[in-house]
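Novice: fold the following and give me the result.
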Amino acid sequence: MLTPDNKTIETIVSEDEFNYEVYQKNYEIAEDETNYKLEILETNKIAYIQLKSMMTNDRFSSGADGAVIYDFLQKIEDYPYLIVDIRGNGGGSDGYWRNNLVAYLINEHTYYDAHLLYKDSEYIKPFIEDRYSLYYAKTTDQLPAGKNYPPEAKTELKYFVTTTNDVVPYNPVKFKGKIYLLVDGGVYSAAESFASFAKATGWATLVGTTTGGDGIIADPALMMLPNSGIVIRFSSSMGLNPDGTANEEFHTTPDIYVEQSYQDLLMQIEKGEVPLRGISKYDTILNYVIELIKDDK
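Specialist: As a prediction, this is how the structure comes out:
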């Protein structure tokens with residue numbers, strides 16, 4: 001593990017006692033647990049929202065979550081800072097973060113365009129046609145210049161379509177403050193889409209570690225195995241980050257890279273704390289942002 005003063009330390013931590021990496025990528029909401037946490041960290045200054053997944057136990061109840069979150073946003077709309085925490089969020093539906101949070105915090109249509117690359121495959125073409133229509137597909141030699149495309153972008157992959165990751169404001173609150181988005185390797189799928197949107201549009205400043213990826217995607221392709229009849233699904237396209245790199249390969253890098261410190265990790269173990277289950281004074285990333293805010297003049 002790398003310490004804050006760039007020293008490498010090796011230690012043995014029992015998996016039965018604590019497994020941070022596994023926990024990050026397997027956040028499950030208990031039956032009696034809400035999908036969100038709403039806190040005031042400093043009265044009239046710092047508000048905190050945690051989204052544990054992009055889907056509730058009842059996947060159709062996200063509107064109810066939105067009503068509670070909206071009420072909280074109205075109460076803190078004069079605050080200068082909001083911290084949104086999606087660490088460990090494995091995804092669900094893009095509609096969750098769009099409708100229950102971002103739409104309330106923007107005043108104009110906010111978006112960025114992303115490119116999805118496809119193989120020249122007779123099997124894949126019907127999936128493109130169903131989702132986008134081949135009329136909108138272009139050959140990859142027409143991709144915008146000056147990007148860091150993977151080498152296979154113009155060799156193995158022939159077509160691309162442009163998709164828009166966007167949010168339209170809905171009854172927005174008056175919040176005009178700065179937003180920090182906390183991310184880590186457990187951010188995946190719809191949560192990754194949120195992180196990508198926040199960074200590409202400048203909606204928030206991302207703090208933490210590199211995300212888990214797989215957020216710039218189209219619907220998967222399906223295939224039935226000939227003998228068993230089992231249906232499998234696989235990625236139909238390669239989604240590109242705004243800089244041209246493959247999202248599933250490079251994911252989304254934070255604007256400010258901060259890792260959980262070795263010392264704080266040991267203190268969480270000693271105190272029996274489970275990461276991301278409640279606010280902890282040994283949360284390096286959250287504490288970093290709070291200090292950053294204190295130094296902001």
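Novice: neighbours around Lys271, how many?
Specialist: 10 (other CB atoms under 10 Å). Where you see a C-beta, it was placed from the backbone N, CA and C, and this is true even at glycine.
Novice: show me the contacts for it.
Specialist: Shown in contact with Lys271 (CB atoms under 8 Å, 6 or more residues apart in numbering): Ser280, Tyr282.
Novice: go on, Val173?
Specialist: Val173 makes contact with Tyr70, Leu73, Gln74, Glu77, Tyr104, Leu105 under the criterion CB under 8 Å, 6+ apart.
Novice: from those residues, list just the buried residues.
Specialist: Buried by 16 or more other CB atoms under 10 Å: Tyr70, Leu73, Glu77, Tyr104, Leu105, out of the contacts of Val173.
Novice: in strands only, show me those.
Specialist: Among the buried ones among the contacts of Val173, no residue falls in strands (DSSP state E).
Novice: of those, closest to Lys176?
Specialist: Ranked by distance to Lys176 (CB to CB), the buried ones among the contacts of Val173 are led by Glu77 at 8.3 Å.
Novice: doesn't Leu105 make contact with that closest one?
Specialist: No: Glu77 lies out of contact with Leu105 (CB atoms under 8 Å); the separation is 9.3 Å.
Novice: tell me how many other residues crowd the closest residue to Ser261 other than its chain neighbours.
Specialist: Using CB to CB, 6 or more residues apart in numbering and skipping the chain neighbours, the partner closest in space to Ser261 is Thr284 (4.5 Å). If you count neighbours by other CB under 10 Å, Thr284 ends up with 18.
Novice: Asp71 too?
Specialist: 11.
Novice: how's this protein carved up into domains?
Specialist: 1-109+168-215+258-297, 111-165+216-248 (automatic domain parsing).
Novice: now do the longest helix anywhere in the chain: everything it contacts.
Specialist: Longest helix in the chain by number of residues, with DSSP state H as the criterion: helix 62-75. Residues outside helix 62-75 that contact it (CB under 8 Å, 6+ apart) are 34-36, 38, 47, 49, 55-56, 93, 95-96, 99-101, 104-105, 171, 173, 175.
Novice: go with 7 Å
Specialist: Under the criterion CB atoms under 7 Å, 6 or more residues apart in numbering, residues 35-36, 38, 49, 56, 96, 99-101, 104-105, 173, 175 lie in contact with helix 62-75.
Novice: tell me which of those residues fall in strands.
Specialist: Per DSSP E, the contacts of helix 62-75 map to strands at Tyr36, Leu38, Ile49.
Novice: ok, back up a step: go through the domains of the chain and pick out the most buried.
Specialist: By mean neighbour count, with neighbours taken as mean count of other CB atoms under 10 Å, domain 1-109+168-215+258-297 ranks first of these at a mean of 17.
Novice: dump the residue contacts of the residue lying farthest from the centre of the chain.
Specialist: What lies farthest from the middle of the chain is Asn227; by CA atoms, centre = their mean that is 38.2 Å. Going by CB under 7 Å, 6+ apart, Asn227 touches no other residue.
Novice: which SS class is it?
Specialist: Secondary structure, DSSP: H, G, I helix; E, B strand; the rest coil: Asn227 is coil.
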